[in-house]
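just a sequence and a predicted model for now, questions to come.
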Amino acid sequence: MRDKPASTDFIRQRILEDLKSGRFGGRVHTRFPPEPNGYLHIGHAKSICLNFGVAEEFGGLCNLRFDDTDPTKESREFVEAIKEDIRWLGFDWGDREYYASDYFEQLYEWAVQLIKAGKAYVDSQSLEEIRQNRGTITEPGKESPYRNRSVEENLDLFERMRKGEFPDGAHVLRAKIDMASKHLILRDPIMYRIRHVRHYRQGDKWCIYPMYDFAHGQSDSIERITHSLCTLEFENNRPLYDWYLDQLGIYHPQQIEFARLNLTYTVMSKRRLAALVEEGLVDGWDDPRMPTLRGLRRRGYTPEAIRNFCARIGVTKYDALTDIALLEHCLREDLNKRAPRVMAVLHPLRVVIENYPEGQVEELEAINNPEDPSAGTRKVPFSRVLYIEREDFMEEPPKKFYRLAPGREVRLRYAYFIRCTDVVKDARTGEVVELRCTYDPATRGGDAPDGRKVKATIHWVSAAHALSAEVRLYDHLFTIRDTGDIPEDEDWRNYLNPNSRQILKNCPVEPSLRAAKPGAHYQFERIGYFCVDPDSTAETPVFNRAVTLRDTWAKIQKQMQASGGA
RNA sequence: UGCCCGGUGGUGUAACGGUAGCACGAGUGACUCUGGAUCACUUAGUCUAGGUUCGAAUCCUAGCCGGGCAACCA
């Protein structure tokens, strides 16, 4: 057992009760049932962790089943991508990989059974008529004029639908329930529609396809699922699933609904995610700004961080909006323990150590990960000309800034104390282009024998030895905290964050990064956690910023601004 | 307007008729060769009104607020 949930949620409590009462003979069998029409996102991860987690905790099993009942949208590519993402997250469905489309024949027989029982009929109204006659939220619907066709006629029509004798939309098979029901879902729901479309797995075998509602519950029944866990929006449909199962007289799983995941500053709907990709608003499904599993993976998220996040958010029926800061916290927590530290400069400022011998190079020892002694050490080259972070120097420092400033001494991490002696500016623009400094040879390694202290330690990269990298900085995809608050009549695209990605070129990074492999995680000291992007080449590594380090200085700056200070 | 579901600090979540707790965030301090990490402390909550009860976040009723449902999508 791993990723133990923080506490026992209402679903696990109910499973515990069923176990106690022996309701399912002591079995626990769940399933994760995606439709292969898109890529998985962090919201799916919640469901995956729940379904696989519950099975594992109770010594049960979890199936992977593709609910592929709409051939117009589904494809094999999505199936493969989904499997890859689930495996990456760390879950295994063994040989229990199922497809609703493999149940089509059984589903057809069940439909025939309902027709014979007078519980289903072929309706020949147009799409528009069906819609009209469904009634409204307050008024009952009208019964179809075809509702009382004989069993024989229905059987004949349905068989001919299957044979392909009718064009799309000519007929549908409907359950005969109650056109006046207060549950709209029970107003003679459609069971089958005609679609002369090739199915990615079944080929041209079928031209009628069952609706999700007529397939889902029975699929769970076939697989003898005990607890069908799904999201809240299917709560309305449960009476219908129950109706089918009961009319058919087959094994009846227990459906339990939970709230789907909503995250601040992003969107989770398949429709919007697809639009982002199709309209080129992002680079693709794996764009590091996307909440998709492949986007998060490329961004630098680890399966462990995501699973831990899913364990922490819990499972409830409350339609919550989870702060993305919690996700970020989970990543930092994971990477802090594991990511090797390196020095990289995002906005370089040239520093010349005037009293350091020209041409001399020293290899200084640096700790790879202070949180993990077994990570060992490495050598970092030091020489006369270095780059430091522009932000680490201020010509007129405010009181709480204690990095480099004219006349001030700081420590170069793992190297020497240096003092800024002069500031070189561009004659025209006045921009600081170079710092002249002196170093104290006695402080080699970073400690002063005389016990002298410095207030700050800054990172650096030797100019002559630096590797030039591309660094991609990411921020929230949207500017609005709750994208669900965007009014219907307004274009949600207006809330995209124009600064969600910033690309930095020619960033000096330490030479050890030459060996960096795509997917590897690093902490750029004092900056954040980064992940090597697949776009990297032998000459130019590319790094994605997964998440920043906590930045106390940034907070102080914000406070000073807010209080009108310097 | 009908039906279904839900409301606990800023956010997420516990407490199952008996001391409202945990985490994230925010704030303060300690420590520090990462203004990182770590540690300590602080902040702040039961939607409202009735009722049942010795006792209610929990049970009941009403109201208020939020979400879902009228695809031949899932």
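Ah, there it is.

element containing residue A:351, please.
Remark: residue A:351 resides in strand A:348-353, with elements defined by DSSP states H and E.

so which bits of the helix or strand just after that strand are buried?
Using DSSP H and E, the next helix or strand after strand A:348-353 towards the C-terminus is strand A:362-367. Within strand A:362-367, the residues scored as buried using 16 or more other Cβ atoms under 10 Å are A:364, A:366, A:367. From N, CA and C alone the C-beta is placed, and that goes for glycine too.

over to stretch A:102-109?
Quick answer for stretch A:102-109 (16+ other Cβ under 10 Å): A:103, A:104, A:107, A:108.

now for those: which two are most distant?
A:103 and A:108 (9.3 Å; Cβ to Cβ).

which residue does chain A have closest to RNA strand B?
residue A:446 (1.9 Å; Cβ to the nearest atom of the strand).

quick one: stretch A:373-380 near RNA strand B?
No. Using Cβ under 7 Å from any atom of the strand, we find that stretch A:373-380 stays clear of RNA strand B, coming within 10.4 Å at best.

for residue A:503, name its beta-bridge partners.
On the basis of DSSP bridges, residue A:503 is bridged to residue A:472.

okay, it: pLDDT?
We have a pLDDT of 98 for residue A:503.

quick check: which element contains residue A:160?
Residue A:160 belongs to helix A:151-163, assigned by DSSP H and E.

show me what from the stretch 101-250 of chain A comes close to RNA strand B.
So the stretch 101-250 of chain A meets RNA strand B at A:125-127, A:130-131, A:134, A:136-138, A:168-169, A:172, A:182-185, A:190, A:193-194, A:209, A:211-213, A:216, A:232-237 (Cβ under 7 Å from any atom of the strand).

out of those, name the ones that lie in strands.
Judged by DSSP state E, those include A:172, A:190, A:193, A:194, A:209 as members of strands.

touching, residue A:438 and residue A:352? I think so.
No. Residue A:438 is beyond contact range of residue A:352, at 10.0 Å (criterion: Cβ atoms under 8 Å).

and stretch A:282-294, average pLDDT?
98.

actually stretch A:95-111, not the one I wrote
Mean pLDDT, computed over stretch A:95-111, is 98.

which stretches of the stretch 51-200 of chain A form helices?
Ranges of helices in the stretch 51-200 of chain A, per DSSP state H, counting those that start in this stretch, are A:76-89, A:104-116, A:127-133, A:151-163.

quick revisit: select only the buried ones of the residues of the stretch 101-250 of chain A next to RNA strand B in PyMOL?
Applying 16+ other Cβ under 10 Å to these, the buried members can be selected in PyMOL as follows:
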select buried, chain A and resi 125+130+134+172+190+193+194+209+211+212+213+216+234+237
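
got the contact list for the helix holding residue A:160?
Defining contact as Cβ atoms under 8 Å, 6 or more residues apart in numbering, one finds that helix A:151-163 is touched by A:108, A:111-112, A:115-116, A:118, A:120-122, A:149, A:166, A:171, A:173, A:192, A:194, A:206-208.

likewise for stretch A:14-26?
For stretch A:14-26, contacts defined as Cβ under 8 Å, 6+ apart pick out A:8, A:28, A:54, A:58, A:226, A:227, A:254, A:256.

filter those residues down to the buried ones.
A:28, A:54, A:58, A:226, A:227, A:254, A:256.

beta-bridge partners for the fifth one, please?
What it means is residue A:227. Bridge pairing for residue A:227 - DSSP bridges - gives residue A:254.

and the residue sitting furthest away from the middle of chain A, what does it touch?
Computed with Cα atoms, centre = their mean, the residue of chain A farthest from its C-alpha average is residue A:450, at 51.7 Å. With contacts defined as Cβ under 8 Å, 6+ apart, residue A:450 is in contact with residue A:442.

quick check: phi and psi on it?
Dihedral angles of residue A:450 (phi, psi; degrees, to the nearest 10) stand at phi -80, psi 10.

looks like residue A:375 contacts residue A:340 (just checking).
Yes. Under the criterion of Cβ under 8 Å, residue A:375 makes contact with residue A:340 at 6.1 Å.

so what's in contact with those two at the same time?
Common contacts of residue A:375 and residue A:340, defined by Cβ under 8 Å, 6+ apart, comprise A:368, A:369.

between these two, which one's more packed in?
Neighbours were counted for residue A:375 and for residue A:340 using other Cβ atoms under 10 Å; residue A:340 has more, 18 against 15.

just give the nearest non-adjacent residue to the more buried one, would you?
By the measure of Cβ to Cβ, 6 or more residues apart in numbering, the closest residue to residue A:340 outside its immediate chain neighbours is residue A:368, 4.8 Å from it.

burial of that neighbour, as a residue count?
Using other Cβ under 10 Å: residue A:368 sits among 18 other residues.

pull the contacting residues for the closest residue in space to residue A:28 that isn't next to it in sequence.
Closest residue in space to residue A:28, ignoring its immediate chain neighbours: residue A:60 at 3.2 Å, by Cβ to Cβ, 6+ apart. Each residue near residue A:60 by Cβ under 8 Å, 6+ apart is listed here: A:27, A:28, A:29, A:30, A:54, A:226.
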